[in-house]
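> make a model of this:
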Amino acid sequence: MKAGRVLIALMFVLGLIGVFVNGAPLYSRFLYTSILLAFVSWAWTVWVANRILLERSTRELRANVGDVFEENYKILNQSNLPASWIEVINQSKIPFAAGSRLLTLVLANQKRTYNARTWLTQRGSFELGPTAINIGDPFGIFTTKKIFPAQETLIVFPMIQEIEYFPSSPGLLPGGHVIQRKSHDITPHAAGVRDYIHGDAMKRIHWRTSIRRDKLMVKEFEQDPQAEVWIYLDSQKDVHYQKEQVFDESPMQTVLFVRRPKIKLPPSTLEYSVSIAASLAHYFIRQRRAVGYASAGQTYTILPADRSERQEAKILETLAFVQANGELSIAGLVSTQAMQLPKRSTVILITPTVRTELLQAVDDLLLRSLYPIIVLLDAQTFGGPTGTDKIINSLREKHVPICNIACDDDLTTALSNLRSTFKTQDFRSWQTPVSSA
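Residues are numbered from 1 along each chain as shown. As a prediction, this is how the structure comes out:
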């Protein structure tokens, strides 16, 4: 029990007994004073609590794992009475969320502000709240709790590793047959004109045709014959593994003064795969390449190839929610989608599987004149079974580029060094697949 309540209780009991036993005025004063203090404390707390306002604001609602997320808290006391203390409790589900604080002596009509910085260590969606406020009276007798529901949601994208170079198929230069499919981007291959639709870019308007027909007409384009880059993420639940993670406490000065402190990915094949997929998407879109994405986790997700920054945002947002709970294998994912890809496109398979179905997927891609690149996570280093070396040897017989990733590897170095172990002339569209039997 609080000390203030103990004091009030003692005064009340002493005064009540004294009034009935002795009847002296002193005991009456004890009794009435305890009742008055209790009523004043309760009324003070309730009055102030009903007039406390809280506002949480941030400049960005999109961030990456490893970023320091900054929020601003504003507490306004709109009552005519001071608050002796206000405890702010951030109940957000963000791991290691900052923002909880104790404020003392918030005067009447006074505003207090402070910034909270949280080191983002987990991808996903997180509500910025709820926020609880505890308010007490000056005598420490009563405490009132007030809950402010969440108003905004933060989306945390996967960690992006900066890649210096990553190979892709050699058939990327202009030339070849035009692909008879409409494109949302402007390409060198005009396919005709159509009526203007609200939202079409002004630069796509064909002014001569618009003047001749007395209405706005826009140009249509077919896809560029340059090869696309497709990222296939294996989300089958039976092939992913994770070791127990040990959390390291980050020094306070690191969180306060470094915008993007270094962070280790959880020892999970899924988290490594997601970070690799995000990094490759960022790299190729920065190279002005059309990038597509496919996975079959909790939902079957296909993002058609595009080279805009909006495409990168869509891929990152999709990866923020990917879970390894799918039933479709990487071979099944390839067989259902590869037939729709333009020839000579690069297909990057990101998987930790040690099953021979990966070889079947590679054979399928080679037969369709596609160029597979395998980013293979060493399952054994993540607490999974052995067999990665055997898969690697089988893939090398097919002259397929392989990037082997082990737990605790530096992804920037591992992905960028693929050029030192693989030559682009090893890509052969006429390669006869080696039987995986």
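> show me where the stretch 201-350 of the chain has strands.
Secondary structure of the stretch 201-350 of the chain (DSSP state E, counting those that start in this stretch): strands located at 217-223, 229-233, 291-296, 300-306, 346-351.
> mind putting the ones you listed in TSV, distance to Leu154, mean pLDDT and mean neighbour count included?
All C-beta atoms are positioned from the backbone trio N, CA, C, and that covers glycine. Shown next, in TSV, are the strands of the stretch 201-350 of the chain (distance: least, C-beta to C-beta, whole Å; pLDDT from 0 to 100; neighbours: other C-beta atoms under 10 Å):
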stretch	distance to Leu154	mean pLDDT	mean neighbour count
strand 217-223	36	72	18
strand 229-233	23	94	27
strand 291-296	22	93	24
strand 300-306	22	89	17
strand 346-351	26	94	26
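> I'd like those as a markdown table, with distance to Val274 appended.
Listed next are these as a markdown table, based on distance: least, C-beta to C-beta, whole Å:
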| stretch | distance to Val274 |
| --- | --- |
| strand 217-223 | 28 |
| strand 229-233 | 7 |
| strand 291-296 | 10 |
| strand 300-306 | 13 |
| strand 346-351 | 9 |
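> can you say which of those is nearest to Leu328?
Evaluated with C-beta to C-beta, the strands of the stretch 201-350 of the chain place strand 291-296 nearest to Leu328, the distance being 3.9 Å.
> so how far is that closest one from its chain's centroid?
17 Å (C-alpha atoms, centre = their mean, to the nearest Å).
> list the contacts of it.
228-236, 277, 281, 284-285, 301-307, 311-312, 315, 318, 322, 326-328, 332-333, 337, 341 (C-beta atoms under 8 Å, 6 or more residues apart in numbering).
> that strand vs strand 346-351, what angle?
Between strand 291-296 and strand 346-351, the angle comes out at 30 degrees (axes from the mean of the first three to the mean of the last three C-alpha atoms, to 10 degrees).
> please export the C-alpha coordinates of strand 291-296 as PDB.
This file holds the C-alpha atoms of strand 291-296, laid out as PDB (Å, rounded to 0.1, in the frame of the first residue of the first chain):
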ATOM      1  CA  VAL A 291      12.600  -6.400 -61.400                       C
ATOM      2  CA  GLY A 292       9.800  -8.900 -60.500                       C
ATOM      3  CA  TYR A 293       9.100 -10.900 -57.400                       C
ATOM      4  CA  ALA A 294       7.500 -14.200 -56.600                       C
ATOM      5  CA  SER A 295       7.000 -16.200 -53.400                       C
ATOM      6  CA  ALA A 296       4.400 -18.600 -52.000                       C
END
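> show me what the longest helix anywhere in the chain is packed against.
Identified as the longest helix of the chain according to DSSP state H is helix 25-49. Judged by 3 or more C-beta pairs under 8 Å, 6 or more residues apart in numbering; DSSP states H and E, the packing partners of helix 25-49 are helix 3-21, strand 131-136, strand 143-148.
> 10 Å instead, please
helix 3-21, strand 83-90, strand 131-136, strand 143-148 (3 or more C-beta pairs under 10 Å, 6 or more residues apart in numbering; DSSP states H and E).
> three-state assignment of Ser92?
coil (DSSP: H, G, I helix; E, B strand; the rest coil).
> Phe148 is in contact with that one, correct?
No: between Ser92 and Phe148 there is no contact under C-beta atoms under 10 Å: 11.6 Å.
> need the residues touching each of those two.
Residues touching both Ser92 and Phe148 (C-beta atoms under 10 Å, 6 or more residues apart in numbering) are 56, 129-131.
> picking that back up, where among the helices and strands packed on helix 25-49 is average confidence lowest?
The minimum mean pLDDT among those belongs to helix 3-21 (a mean of 71).
> got the residue ranges for the helices in this protein?
Counting by DSSP H, the chain has helices at residues 3-21, 25-49, 207-213, 252-257, 269-286, 309-319, 330-337, 357-367, 388-397, 411-416, 418-421.
> could the ones you listed be laid out in CSV, adding distance to Ser295?
Listed next are the helices of the chain as CSV, based on distance: least, C-beta to C-beta, whole Å:
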stretch, distance to Ser295
helix 3-21, 58
helix 25-49, 48
helix 207-213, 41
helix 252-257, 33
helix 269-286, 8
helix 309-319, 8
helix 330-337, 7
helix 357-367, 14
helix 388-397, 20
helix 411-416, 19
helix 418-421, 22
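> how is the protein partitioned into domains?
What automatic domain parsing lists as the domains of the chain is 3-49, 52-157, 179-223, 229-426.
> now stretch 88-96: buried residues?
Using 16 or more other C-beta atoms under 10 Å as the test for burial, stretch 88-96 gives 88, 90, 92, 94.
> could you do stretch 139-147 as well?
Neighbour-count burial for stretch 139-147 [16+ other C-beta under 10 Å]: 139-142, 144.
> among the strands of the stretch 201-350 of the chain, which comes closest to Leu31?
That would be strand 300-306 among the strands of the stretch 201-350 of the chain, by C-beta to C-beta, at 71.5 Å.
> pLDDT weak spots in the stretch 151-300 of the chain?
Within the stretch 151-300 of the chain, the segments meeting pLDDT under 70 span 169-191, 221-226, 246-262.
> rerun that using 90 as the cut-off
164-228, 237, 243-265, 287-290, 296-300 (pLDDT under 90).
> how about the stretch 1-150 of the chain?
Ranges of the stretch 1-150 of the chain meeting pLDDT under 90: 1-45, 66-67, 81, 84, 96, 119, 121, 129, 136-143.
> Ser308: neighbour count?
Neighbourhood size, Ser308 [other C-beta atoms under 10 Å]: 14.
> how much space between it and Leu358?
Computed as C-beta to C-beta, to the nearest Å, the Ser308 to Leu358 distance reads 31 Å.
> got it, and Met339?
From Met339 across to Leu358, the span is 19 Å (C-beta to C-beta).
> more crowded one of these two?
Counting neighbours by other C-beta under 10 Å for Met339 and for Leu358 shows that Leu358 has the greater number, 26 against 9.
> the more buried one contacts Leu349, doesn't it?
Yes: using C-beta under 10 Å, Leu358 is in contact with Leu349, at 7.2 Å.
> identify the contacts common to the two.
With contacts taken as C-beta under 10 Å, 6+ apart, the residues that reach both Leu358 and Leu349 are 234, 330-331, 334, 372, 374, 376.
> just those residues now: which is nearest Gln78?
Asp234 (55.2 Å).
> run through the bridge partners of the nearest residue to the closest one once chain neighbours are set aside.
Of all residues beyond its chain neighbours, the one nearest Asp234 is Thr351 (3.6 Å), with distances taken as C-beta to C-beta, 6 or more residues apart in numbering. Judged by DSSP bridges, the bridge partners of Thr351 are Leu376.
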